[in-house]
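Novice: Pasting the sequence and the predicted coordinates here, then a few questions.
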Amino acid sequence: MKPNKRGTVYLVGAGPGAPDYLTLRAADLLGRADVVVYDNLVGEGILEHFAPGARAVYVGKQAGRHTKSQEEIGDLLVTLAGKHDAVVRLKGGDPYIFGRGAEEASVLREAGVRFETVPGVTAAQGASATAGIPLTHRETNASVTLVTGHEDPTKKASTLDYEALARCGALVFYMGVGRLAAIASALVDRGLSPDTPAMIVRNATLSDQQTVAGTVADIARRASEAGIRPPALVFIGTTVSYQPALDWFSGRPLFGRAVVVTRARAQASVLSDRLRGLGARVVEFPSIEIRPVAGKEREKIDRTARSLSRWDWIVFTSVNGVEIFRDRLLALGLDARAFAGLRLVAIGPATGERLETYGLRPDFLPSRYTSEALAAGLPAKVFAGAPRFLLARAREGNPQLARDLRKRGARVSELVLYDTVPARTPAGPVKKRLRDGTVDAVTFTSSSTVRYFQERVGPRNFKTFSKKTAYVSIGPVTSQTIRDLGAEPAAEARTHTIPGLVQTLTDYFEDPARQANQK
């Protein structure tokens with residue numbers, strides 16, 4: 001291979017699976033890499049950290065199915081380094097813990113390619129933390145041994161010293177599920193007590209993490225009965241006995257619950273992150289997209305932004321409205337000073353908080369976060385002298401707000417900032433999950449998410465799915481839209497915010513009676 005000194009290859013550990021366990025260095029490199037070459041064990045959520053426009057190359061390996069040989073991967077890295085400045089070779093766990101990172105680094109060195117190795121949280125560390133199995137413990141063991149259960153198949157004989165392993169305080173076997181019975185038998189034959197605690201941890205750190213407990217004598221049988229498949233780790237040793245007391249992961253209120261998030265992709269992360277933090281398996285299925293207006297309508301926004309003094313009050317009915325209006329201000333060379341003399345209204349705390357991040361504090365926030373409460377909640381003195389209101393909103397916004405403000409004596413102008421349109425996300429996968437009954441809840445954060453979700457899955461399916469999957473709504477208007485389309489919401493947020501929606505979802509799944517009614 002011809003030496004090439006253009007780019008740098010970064011051998012990066014992706015951690016045990018969940019994106020939460022990426023290191024800062026790894027996230028930074030992923031955010032600016034030209035190309036990412038990644039493995040089978042890299043969690044799906046981590047793919048979202050790739051830089052926009054980055055080329056993603058999958059070279060994953062599974063038993064009997066290799067997309068590329070190890071030699072081909074090495075050649076690929078050298079070739080890519082000759083064409084790009086920053087190439088990330090992303091490997092599950094840590095590159096140097098059963099990740100063949102040393103082999104790839106050697107290939108790069110021989111080819112004259114610059115490389116850097118970025119450590120990652122190992123699978124053993126991740127599974128240890130989330131399953132509640134300490135790798136070491138002052139009272140039981142001062143060492144831990146990491147062992148591969150899948151040695152190089154070209155070797156003539158195993159190099160594992162089972163007699164020595166049987167004397168170790170704690171063992172963690174990687175890639176050992178397929179040979180678990182043989183591994184357990186070899187350890188017992190070399191002196192390990194068959195009553196030694198053992199546990200398998202599958203999909204460590206992910207929301208579908210699964211554990212199977214037993215002893216060395218029966219763990220292979222238990223794994224088979226539970227249908228355990230890779231990727232999984234096998235923990236053997238006294239420290240496994242601490243697991244029931246140290247397991248915090250599976251005790252989270254939404255652990256194992258599959259929840260569909262229908263918000264626009266740009267907004268979904270806030271809700272998704274909260275749900276994942278409570279243990280949910282999040283299925284992002286954006287049913288809407290936010291599309292800023294263009295052409296003459298955008299010109300109208302610009303004219304309005306230059307002459308805000310014509311109004312007394314400006315009402316923002318969404319975070320999207322705040323963002324889009326601010327973007328136009330900046331494009332025109334304006335800033336927060338353009339709002340001088342105006343009073344601001346935000347429909348809810350999220351909208352108010354977004355205004356505050358730009359140095360704008362709302363003068364009014366309704367006690368209930370609906371259009372009706374906003375119009376009714378403004379003090380009567382506000383309407384003395386026929387004040388001028390500007391509603392900065394979506395085209396599909398509730399027309400009742402303008403009518404209610406006019407009834408109270410306001411002169412109202414409406415400014416369309418964006419359209420809410422159907423998303424183009426493929427509907428097949430989520431429809432299959434819903435048909436199979438593997439979704440526990442669907443969350444709706446606006447009437448538009450309901451309408452376009454119904455269009456994507458089909459009117460008949462929308463009704464049918466609601467009978468076995470909880471439809472959870474952010475507020476009364478959204479709930480009414482669900483009813484208008486023929487289904488019944490299982491729960492409605494008492495506080496019409498994302499935190500309120502999450503709390504309602506949590507309460508729902510902690511109430512057996514409500515779940516029984518859903519079924």
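Specialist: In hand now; what should we look at?

Novice: So what are the structural domains in the protein, by residue number?
Specialist: Taking automatic domain parsing as the criterion, the chain consists of the domains 8-121, 125-246, 258-287+423-518, 291-421.

Novice: Show me the one of these that comes nearest R252.
Specialist: Nearest to R252, of all the domains of the chain, is domain 258-287+423-518, at 3.4 Å by C-beta to C-beta. Heads up, the C-betas are built off the backbone N, CA and C, glycines and all.

Novice: Y452 contacts P422, correct?
Specialist: Yes - here Y452 reaches P422: they are 4.6 Å apart, a contact under C-beta atoms under 8 Å.

Novice: Counting neighbours, go ahead and name the busier of these two.
Specialist: For Y452 versus P422, neighbours defined as other C-beta atoms under 10 Å are more numerous around Y452 (20 against 15).

Novice: Now for that one: which residues touch it?
Specialist: Contacts for Y452 were tallied using C-beta atoms under 8 Å, 6 or more residues apart in numbering; they are 287-288, 420, 422-423.

Novice: Identify the spatial nearest neighbour of it, chain neighbours not counted.
Specialist: Among residues not flanking Y452 along the chain, S287 sits closest, at 4.1 Å (C-beta to C-beta, 6 or more residues apart in numbering).

Novice: neighbours around the one you found, how many?
Specialist: Applying other C-beta under 10 Å, we find 28 residues neighbouring S287.

Novice: Let me know the pLDDT of it.
Specialist: Here, the pLDDT recorded for S287 equals 93.

Novice: Kindly confirm whether my reading is correct that it touches P422.
Specialist: Yes - counting by C-beta under 8 Å, S287 does reach P422; the two are 7.0 Å apart.

Novice: Quickly list what's touching both of those two.
Specialist: 452, 455-456.

Novice: Redo the residues you listed as a markdown table? Include distance to L434, secondary structure and pLDDT.
Specialist: Below are the shared contacts of S287 and P422 laid out as a markdown table (distance: C-beta to C-beta, whole Å; DSSP: H, G, I helix; E, B strand; the rest coil; pLDDT from 0 to 100):
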| residue | distance to L434 | secondary structure | pLDDT |
| --- | --- | --- | --- |
| Y452 | 15 | helix | 95 |
| E455 | 15 | helix | 95 |
| R456 | 11 | helix | 94 |
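
Novice: Nearest to A124 among these?
Specialist: Comparing the shared contacts of S287 and P422 against A124 with C-beta to C-beta picks out R456 as the nearest, at 41.3 Å.

Novice: That closest one: what's it in contact with?
Specialist: Neighbouring residues of R456 by C-beta under 8 Å, 6+ apart: 285, 287, 422-423, 425, 427.

Novice: Next: R32.
Specialist: Contacts for R32 (C-beta under 8 Å, 6+ apart) come out as 51, 86.

Novice: hmm, try it at 6 Å
Specialist: Each residue near R32 by C-beta atoms under 6 Å, 6 or more residues apart in numbering is listed here: A51.

Novice: ok, it to R25 distance?
Specialist: 12 Å (C-beta to C-beta, to the nearest Å).

Novice: can you check A376 too?
Specialist: Counting by C-beta to C-beta, the gap from A376 to R25 is 52 Å.

Novice: With adjacent residues omitted, what lies nearest to A331?
Specialist: A331's closest residue in space is D302 (C-beta to C-beta, 6+ apart), at 7.9 Å.

Novice: residues of the helix or strand that neighbour falls within that come out buried?
Specialist: D302 belongs to helix 295-306 when assigned by DSSP states H and E. If you call a residue buried by 16 or more other C-beta atoms under 10 Å, then helix 295-306 has these buried ones: 298, 301, 304-305.

Novice: hmm, who's touching that helix?
Specialist: With contacts defined as C-beta under 6 Å, 6+ apart, helix 295-306 is touched by 328-329, 332, 415-416.

Novice: could you dump the next helix or strand after that helix to CSV, C-alpha only?
Specialist: Per DSSP H and E, helix 295-306 leads on to strand 313-316 as the next helix or strand towards the C-terminus. Below are the C-alpha coordinates for strand 313-316, written out as CSV (Å, rounded to 0.1, in the frame of the first residue of the first chain):
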residue,chain,number,x,y,z
TRP,A,313,-48.4,43.2,21.9
ILE,A,314,-46.8,40.2,20.1
VAL,A,315,-48.0,36.7,20.9
PHE,A,316,-45.9,33.6,20.3
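
Novice: Following element in sequence after strand 313-316, please.
Specialist: Scanning forward in sequence from strand 313-316 by DSSP H and E, the next helix or strand is helix 319-331.

Novice: Can you list the buried residues in that following helix?
Specialist: When burial is assessed from 16+ other C-beta under 10 Å, helix 319-331 yields the following buried residues: 319-326, 328-329.

Novice: low-confidence ranges in this structure?
Specialist: 1-5, 62-66, 151-157, 512-519 (pLDDT under 70).

Novice: Off-centre distance for the helix or strand hosting T478?
Specialist: Using DSSP H and E, T478 maps to helix 476-484. Chain-centre distance of helix 476-484: 27 Å, with C-alpha atoms, centre = their mean, to the nearest Å.

Novice: Show residues contacting the helix or strand that that helix is followed by.
Specialist: Moving toward the C-terminus from helix 476-484, the next helix or strand (DSSP H and E) is strand 491-492. Strand 491-492 has contacts (C-beta under 6 Å, 6+ apart) with 472-473, 479, 504, 508.

Novice: Strand partners (parallel or antiparallel) of strand 491-492?
Specialist: In the sheet containing strand 491-492, its partner strands are strand 470-473 (parallel), by DSSP bridges.

Novice: Which positions in the strand it pairs with come out as buried?
Specialist: Buried residues in strand 470-473, counted by 16+ other C-beta under 10 Å: 470-473.

Novice: Just send those back as a markdown table, with distance to Y369 too.
Specialist: Formatted as a markdown table, the buried residues of strand 470-473 follow (distance: C-beta to C-beta, whole Å):
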| residue | distance to Y369 |
| --- | --- |
| A470 | 22 |
| Y471 | 20 |
| V472 | 16 |
| S473 | 13 |
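
Novice: mind listing what's buried in stretch 269-285?
Specialist: In stretch 269-285, counting by 16+ other C-beta under 10 Å, buried: 271-272, 274-276, 278-285.

Novice: need the contact list for the nearest residue to G126 once chain neighbours are set aside.
Specialist: Closest residue in space to G126, ignoring its immediate chain neighbours: P16 at 2.7 Å, by C-beta to C-beta, 6+ apart. By C-beta under 6 Å, 6+ apart, the contact set of P16 is 121, 123, 126, 204-205.

Novice: Out of those, the closest to E139 would be?
Specialist: Nearest to E139, judged by C-beta to C-beta, of those is G126 at 23.5 Å.

Novice: T449 sits in which helix or strand?
Specialist: Secondary structure assignment for T449, by DSSP H and E: helix 447-457.

Novice: shouldn't A26 be in contact with Y10?
Specialist: No - judged on C-beta atoms under 6 Å, A26 makes no contact with Y10 at a distance of 8.7 Å.

Novice: Quick check: neighbours shared by these two?
Specialist: Common neighbours of A26 and Y10, counting by C-beta under 6 Å, 6+ apart, are V118.

Novice: number of nearby residues for T140?
Specialist: As a burial measure, T140 scores 14 neighbours (other C-beta under 10 Å).
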